[in-house]
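S.K.: need a 3D model of the following:
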Amino acid sequence: MALLAALALAAGCRTVREPAGDEAGARTPDLPADSRYPLVKPVLLLPGQVVAVNAKLRFVVLEYGLNPLPLPGTELQVFRGNGVVGKLRVSGPTMGSQTIADIVEGEARPGDQAVYLPPSLETITPAGPVATNVIPPVFPETP
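M.R.: Numbering: from 1, shown residues only. Just a heads-up that it's a prediction; the model follows:
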(Lines give C-alpha, C1' and ligand atoms only; values in the text may rest on other atoms or scores of the structure.)
Protein backbone atom coordinates (compact mmCIF):
# COMPACT_ATOMS: atom_id res chain seq x y z
CA MET A 1 0.00 0.00 0.00
CA ALA A 2 2.84 2.36 0.87
CA LEU A 3 4.46 1.48 -2.45
CA LEU A 4 1.32 2.54 -4.37
CA ALA A 5 1.18 5.86 -2.51
CA ALA A 6 4.86 6.52 -3.29
CA LEU A 7 4.33 5.78 -7.00
CA ALA A 8 1.29 8.08 -7.16
CA LEU A 9 3.27 10.87 -5.49
CA ALA A 10 6.23 10.39 -7.83
CA ALA A 11 4.00 10.50 -10.92
CA GLY A 12 2.43 13.80 -9.80
CA CYS A 13 5.79 15.52 -9.21
CA ARG A 14 6.91 15.63 -12.83
CA THR A 15 8.36 18.94 -13.99
CA VAL A 16 8.00 20.49 -17.42
CA ARG A 17 11.22 21.72 -18.98
CA GLU A 18 11.52 24.80 -21.18
CA PRO A 19 12.03 24.08 -24.90
CA ALA A 20 15.60 24.47 -26.08
CA GLY A 21 17.24 24.93 -29.47
CA ASP A 22 14.87 24.74 -32.47
CA GLU A 23 11.83 24.23 -30.25
CA ALA A 24 12.32 27.67 -28.68
CA GLY A 25 11.93 29.42 -32.07
CA ALA A 26 8.50 27.86 -32.56
CA ARG A 27 7.00 29.88 -29.69
CA THR A 28 4.84 32.88 -30.51
CA PRO A 29 6.82 36.04 -29.79
CA ASP A 30 5.43 38.41 -27.19
CA LEU A 31 4.41 41.24 -29.51
CA PRO A 32 1.94 44.04 -28.88
CA ALA A 33 -1.64 42.99 -29.65
CA ASP A 34 -1.99 45.36 -32.61
CA SER A 35 0.83 43.68 -34.55
CA ARG A 36 -0.28 40.12 -33.73
CA TYR A 37 -3.88 40.61 -34.85
CA PRO A 38 -4.95 42.31 -38.07
CA LEU A 39 -6.97 45.48 -37.81
CA VAL A 40 -10.58 44.65 -38.64
CA LYS A 41 -13.15 47.38 -39.07
CA PRO A 42 -16.77 46.29 -38.68
CA VAL A 43 -19.08 47.01 -41.57
CA LEU A 44 -22.40 48.48 -40.58
CA LEU A 45 -25.16 48.07 -43.11
CA LEU A 46 -27.64 50.66 -41.91
CA PRO A 47 -30.54 50.33 -44.32
CA GLY A 48 -32.98 53.05 -45.12
CA GLN A 49 -36.23 52.55 -46.98
CA VAL A 50 -37.36 54.49 -50.04
CA VAL A 51 -40.74 56.01 -49.12
CA ALA A 52 -41.28 58.42 -52.04
CA VAL A 53 -39.80 58.92 -55.51
CA ASN A 54 -39.85 61.91 -57.86
CA ALA A 55 -38.74 60.32 -61.16
CA LYS A 56 -38.97 63.61 -63.09
CA LEU A 57 -36.57 65.46 -60.76
CA ARG A 58 -34.63 62.23 -59.97
CA PHE A 59 -34.69 62.27 -56.17
CA VAL A 60 -36.08 60.03 -53.41
CA VAL A 61 -37.16 60.42 -49.79
CA LEU A 62 -35.50 57.90 -47.46
CA GLU A 63 -36.80 56.80 -44.05
CA TYR A 64 -34.25 55.57 -41.48
CA GLY A 65 -36.41 54.99 -38.41
CA LEU A 66 -34.09 54.63 -35.40
CA ASN A 67 -30.93 54.19 -37.53
CA PRO A 68 -28.57 57.17 -37.81
CA LEU A 69 -28.98 59.26 -40.97
CA PRO A 70 -26.16 59.21 -43.54
CA LEU A 71 -24.23 62.44 -44.07
CA PRO A 72 -24.76 64.53 -47.23
CA GLY A 73 -22.55 63.26 -50.06
CA THR A 74 -22.76 59.62 -48.93
CA GLU A 75 -23.37 57.16 -51.78
CA LEU A 76 -25.93 54.40 -51.24
CA GLN A 77 -26.80 51.25 -53.18
CA VAL A 78 -30.50 50.61 -53.90
CA PHE A 79 -31.58 46.98 -53.46
CA ARG A 80 -34.80 45.44 -54.69
CA GLY A 81 -35.20 41.75 -53.94
CA ASN A 82 -31.68 40.29 -54.15
CA GLY A 83 -30.19 42.69 -56.69
CA VAL A 84 -28.82 46.21 -56.97
CA VAL A 85 -31.09 48.42 -59.07
CA GLY A 86 -29.55 51.84 -58.54
CA LYS A 87 -27.21 54.23 -56.79
CA LEU A 88 -28.14 57.27 -54.70
CA ARG A 89 -26.20 60.23 -53.29
CA VAL A 90 -27.55 61.81 -50.11
CA SER A 91 -28.13 65.52 -50.70
CA GLY A 92 -30.33 66.55 -47.77
CA PRO A 93 -32.14 68.29 -46.20
CA THR A 94 -33.10 66.05 -43.32
CA MET A 95 -36.20 66.15 -41.17
CA GLY A 96 -36.57 63.79 -38.22
CA SER A 97 -35.71 60.31 -39.47
CA GLN A 98 -36.01 61.19 -43.18
CA THR A 99 -33.53 62.55 -45.69
CA ILE A 100 -33.40 63.31 -49.42
CA ALA A 101 -31.09 61.59 -51.93
CA ASP A 102 -30.48 62.17 -55.64
CA ILE A 103 -30.74 59.23 -58.06
CA VAL A 104 -27.26 58.89 -59.59
CA GLU A 105 -27.73 55.62 -61.53
CA GLY A 106 -30.56 53.19 -62.17
CA GLU A 107 -33.94 53.60 -60.54
CA ALA A 108 -35.73 53.44 -57.21
CA ARG A 109 -39.29 52.63 -56.14
CA PRO A 110 -41.09 52.99 -52.82
CA GLY A 111 -40.22 49.98 -50.66
CA ASP A 112 -36.65 49.56 -52.01
CA GLN A 113 -33.80 49.36 -49.48
CA ALA A 114 -30.98 51.95 -49.55
CA VAL A 115 -27.78 50.57 -48.02
CA TYR A 116 -24.42 52.24 -47.40
CA LEU A 117 -21.47 50.20 -48.64
CA PRO A 118 -18.07 51.58 -47.64
CA PRO A 119 -15.67 52.26 -50.53
CA SER A 120 -13.35 49.57 -49.15
CA LEU A 121 -15.97 46.92 -50.05
CA GLU A 122 -16.28 48.20 -53.60
CA THR A 123 -12.54 48.37 -54.36
CA ILE A 124 -11.27 45.29 -52.55
CA THR A 125 -9.00 42.97 -54.58
CA PRO A 126 -8.94 39.63 -52.76
CA ALA A 127 -6.47 36.85 -53.46
CA GLY A 128 -9.21 34.23 -53.79
CA PRO A 129 -12.81 34.07 -54.97
CA VAL A 130 -15.28 36.39 -53.30
CA ALA A 131 -18.97 37.16 -53.57
CA THR A 132 -19.44 40.08 -55.94
CA ASN A 133 -22.93 41.00 -54.81
CA VAL A 134 -23.55 41.90 -51.17
CA ILE A 135 -27.14 41.17 -50.21
CA PRO A 136 -28.65 43.37 -47.50
CA PRO A 137 -30.76 41.93 -44.73
CA VAL A 138 -34.32 41.06 -45.68
CA PHE A 139 -37.01 43.15 -44.05
CA PRO A 140 -40.69 42.28 -43.83
CA GLU A 141 -42.96 44.04 -46.28
CA THR A 142 -44.91 46.95 -44.84
CA PRO A 143 -48.63 47.11 -45.61
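S.K.: can I take it that V50 is in a helix?
M.R.: No - applying DSSP: H, G, I helix; E, B strand; the rest coil, one finds V50 to be strand, outside a helix.
S.K.: and it, what are its bridge partners?
M.R.: Per DSSP bridges, residues listed as beta-bridge partners of V50: L62.
S.K.: residue contacts, it?
M.R.: V50 makes contact with V60, V61, L62, V78, A108, R109, P110, G111, D112, Q113, A114, according to CB atoms under 8 Å, 6 or more residues apart in numbering. Heads up, the C-betas are built off the backbone N, CA and C, glycines and all.
S.K.: which parts of this structure are strands?
M.R.: Taking DSSP state E to define them, one finds strands in the chain at 48-54, 59-63, 75-80, 83-95, 98-106, 113-116.
S.K.: pull out the buried residues from the third one.
M.R.: Looking back up the chat, that one is strand 75-80. E75, L76, Q77, V78, F79, R80 (16 or more other CB atoms under 10 Å).
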